[in-house]
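> fold the following for me, if possible:
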Amino acid sequence: MPNFSDGRDASHIAALVSAIAAVPGSYVLHRTSDPDHHRSVVTFAGEAESVLESAVRAAALAAELIDLNRHHGVHPRLGALDVLPFVPLGDTSLADCVALAHRAGERIWRELQIPVYFYAAAALRPDRLPLEEVRRAEFEALRELVLIDETKAPDLGGPGLHPTAGAVIVGARPILIAYNINLESADLALAKSIARAIRASNGGLPCVKALGLPLASRGQVQVSMNLTDFNVTPPHVVFAEVGRLAAAAGVAVAESELIGLIPRGAVEMACAHFLKLADFRSASVIENCLAGRS
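Numbers count the residues shown, from 1 in each chain. The predicted model follows:
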């Protein structure tokens, strides 16, 4: 699920998607772009070798098209291809994705001369397990820090960042849900306070990472989240809590949005909760029931 630092140039985004899809065996499932975040997320799937080749081609094209010196958006970023997580599907294991992430990182440095940081299950250092710790300084500050602070050095390449493409943060992780809630308000302090209240690191909802961000083009603010384990904290629980906190400040929820795709199980959980379905099971969904008999 590559995250690119461009959510505004439709021609760039289309070219990146085409580069991924051009590899036989890689299948683009979804794409999302946001002009305020200035960011696009592409979801694609396939066999390991096809996915690896698509990822490297996408990194190469992103470096050609995106200059971080001219990039300004509300979402944190470190690279033109900012984050490259490999996610196990089907019979693929997380260990398989770790090996694939390391191979992708090696090729990105060797072939493109773009430094690489590894995070999550692919991290080589414990302090680089959380994505936010790797990306905290962002491009402008980190390009200076890497030259004077050895602890900030990339895992591959360097010592300096690429002058326009920055670095790629490559990882392996289970499925997460990228989920945003937009508020009918331009009060950024409110969005930030709600994000602080719900994020797990502050003692809020478990398995929730959250930021408060402005959406200038919409005159709104957003609570932008990653739900790292929807079985622990599913989207409907987050929606209810954000709505409660916003209502306490006299603000309504405008809408919520997915970035990328959502697992079927999370939708089923929300359905069972809001409809108060007694004894709901996955097999209560007709397509699931039929799939189990195929």
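
> C-alpha from now on. contacts and neighbour counts both.
Will do.

> neighbours of residue 146, how many?
17 (other C-alpha atoms under 10 Å).

> should've said residue 252
A count of nearby residues for residue 252, using other C-alpha under 10 Å, gives 17.

> cool, and the one 4 residues further on?
The burial count assigned to residue 256 is 15, neighbours taken as other C-alpha under 10 Å.

> what's the answer for residue 127, then?
13.

> I figured it hits residue 135, correct?
No. Shown here, residue 127 and residue 135 do not form a contact pair, counting by C-alpha atoms under 8 Å, at 11.7 Å.

> next one, pLDDT for residue 286 please.
As predicted, residue 286 sits at a pLDDT of 86.

> any idea how far residue 246 is from the closest residue to residue 129 other than its chain neighbours?
Ranked by C-alpha to C-alpha, 6 or more residues apart in numbering and with sequence neighbours excluded, the top spatial neighbour of residue 129 is residue 120, at 4.3 Å. According to C-alpha to C-alpha, to the nearest Å, residue 120 stands 32 Å off from residue 246.

> now swap in residue 83 and tell me
Residue 83 is 30 Å from residue 246, by C-alpha to C-alpha.

> the two: which has the busier surroundings?
Applying other C-alpha under 10 Å to residue 83 and residue 246 shows that residue 83 carries more neighbours, namely 25 against 20.

> quick one: the more buried one is in a strand?
Yes. Assessed with DSSP: H, G, I helix; E, B strand; the rest coil, residue 83 lies in a strand.

> what's the closest non-adjacent residue to it?
Per C-alpha to C-alpha, 6+ apart, closest to residue 83 is residue 169, 4.8 Å.

> ditto for residue 131
The nearest residue in space to residue 131 (C-alpha to C-alpha, 6+ apart) is residue 119, at 6.0 Å.

> for the one you found, helix, strand, or coil?
strand.

> quickly list what it is bridged to.
Note on residue 119: beta-bridge partners residue 171, judged by DSSP bridges.

> shaky segments in the stretch 151-294 of the chain?
Within the stretch 151-294 of the chain, the stretches with pLDDT under 70 are 292-294.

> again, only using 80
291-294 (pLDDT under 80).

> quick one: the helices in it?
Taking DSSP state H, counting those that start in this stretch as the test, the helices found in the stretch 151-294 of the chain are 188-198, 235-248, 264-274, 286-291.

> now do the longest one against helix 264-274, angle only.
This points to helix 235-248. 50 degrees (axes from the mean of the first three to the mean of the last three C-alpha atoms, to 10 degrees).

> of all the residues in helix 235-248, which ones are buried?
Within helix 235-248, the residues scored as buried using 16 or more other C-alpha atoms under 10 Å are 235-239, 241-246.

> nearest to residue 272, of the residues you listed?
residue 236 (10.4 Å; C-alpha to C-alpha).

> now that closest one. Nearest residue, chain neighbours left out?
Per C-alpha to C-alpha, 6+ apart, closest to residue 236 is residue 270, 5.5 Å.

> same check, this time on residue 74
Per C-alpha to C-alpha, 6+ apart, closest to residue 74 is residue 37, 4.9 Å.

> residue 290 versus the residue nearest to residue 226 when sequence neighbours are not counted, what's the distance?
Spatial nearest neighbour of residue 226, excluding adjacent residues (C-alpha to C-alpha, 6+ apart): residue 178 at 4.6 Å. To residue 290, residue 178 is 29 Å away according to C-alpha to C-alpha.
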